[in-house]
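> what's the 3D shape of this:
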Amino acid sequence: TRALAIWEKALGPDHPDTALSLNNLAYLYKAQGNLEAAALLYTRALAIWEKALGPDHPDTALSLNNLAYLYQAQGQLEAAAPLYTRALAIREKALGPDHADTAISLNNLARTLQDQGQLPEAAPLFIRSVAILDKALGPQHPTTIHVLKNLAKLRQAQGQAEDAAALFADAEARAAAQAPAKAP
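So this is what the prediction gives:
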């Protein structure tokens, strides 16, 4: 809170760096379980970034994503989904369809759809996310492996046990390949 007060005094309450400080403090509050305070700060940061940087800026997408993640954690899936959808649209336009942040937005929206029981709609988003991350970050990157496991969990939820097992095995093989070799 002290850093936020300094930013507000030095740069003003509507400066993008003030929004970043709000965002970081909201993250801390969320981690501490103070979800109501986190939501207020995330909402304020979003308003600042939209006004200062525009509604189609990647920082606006980051803020939308953070607020949506908070809503998802609270079980407010109907509130989270449109924010994730908007963040995805911004990232696709600003960063391109093959950017790692675009893939993260695809994963986040897919998880929300899965949580809402919209399994067929979630599947292509997970698949596209893994494909992007394979190219952008590499097949052994922890984020790529995480999203691959999300796809495996979706296949499991869809009753596709064989496909799920193959995806889990792929994820484990990728994780093992990223581990440093042990000396003899």
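
> all helices for the protein, in order.
2-11, 16-31, 35-53, 58-73, 77-95, 100-115, 119-136, 142-157, 161-178 (DSSP state H).

> tilt between the second one and helix 2-11?
So the one you mean is helix 16-31. With axes from the mean of the first three to the mean of the last three Cα atoms, to 10 degrees as the basis, helix 16-31 and helix 2-11 are set at 160 degrees to each other.

> swap in the fourth one?
Angle between the axes of helix 58-73 and helix 2-11 is 150 degrees (criterion: the same axes, to 10 degrees).

> likewise the third one?
Computed by the same axes, to 10 degrees, the angle separating helix 35-53 from helix 2-11 equals 20 degrees.

> The fifth one now?
Angle between the axes of helix 77-95 and helix 2-11 is 50 degrees (criterion: the same axes, to 10 degrees).

> Check which residues of helix 77-95 are buried.
Residues 77, 79-81, 83-88, 90-92, 94 are the ones in helix 77-95 that count as buried (16 or more other Cβ atoms under 10 Å). (Each C-beta comes from the backbone N, C-alpha and C, glycine too.)

> can you check the shortest one too?
By 16+ other Cβ under 10 Å, the buried positions in helix 2-11 come out as Leu4, Trp7, Glu8.

> and the residues you listed as a markdown table, adding distance to His146 and pLDDT?
Output for the buried residues of helix 2-11, formatted as a markdown table (distance: Cβ to Cβ, whole Å; pLDDT from 0 to 100):
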| residue | distance to His146 | pLDDT |
| --- | --- | --- |
| Leu4 | 31 | 78 |
| Trp7 | 32 | 78 |
| Glu8 | 36 | 81 |
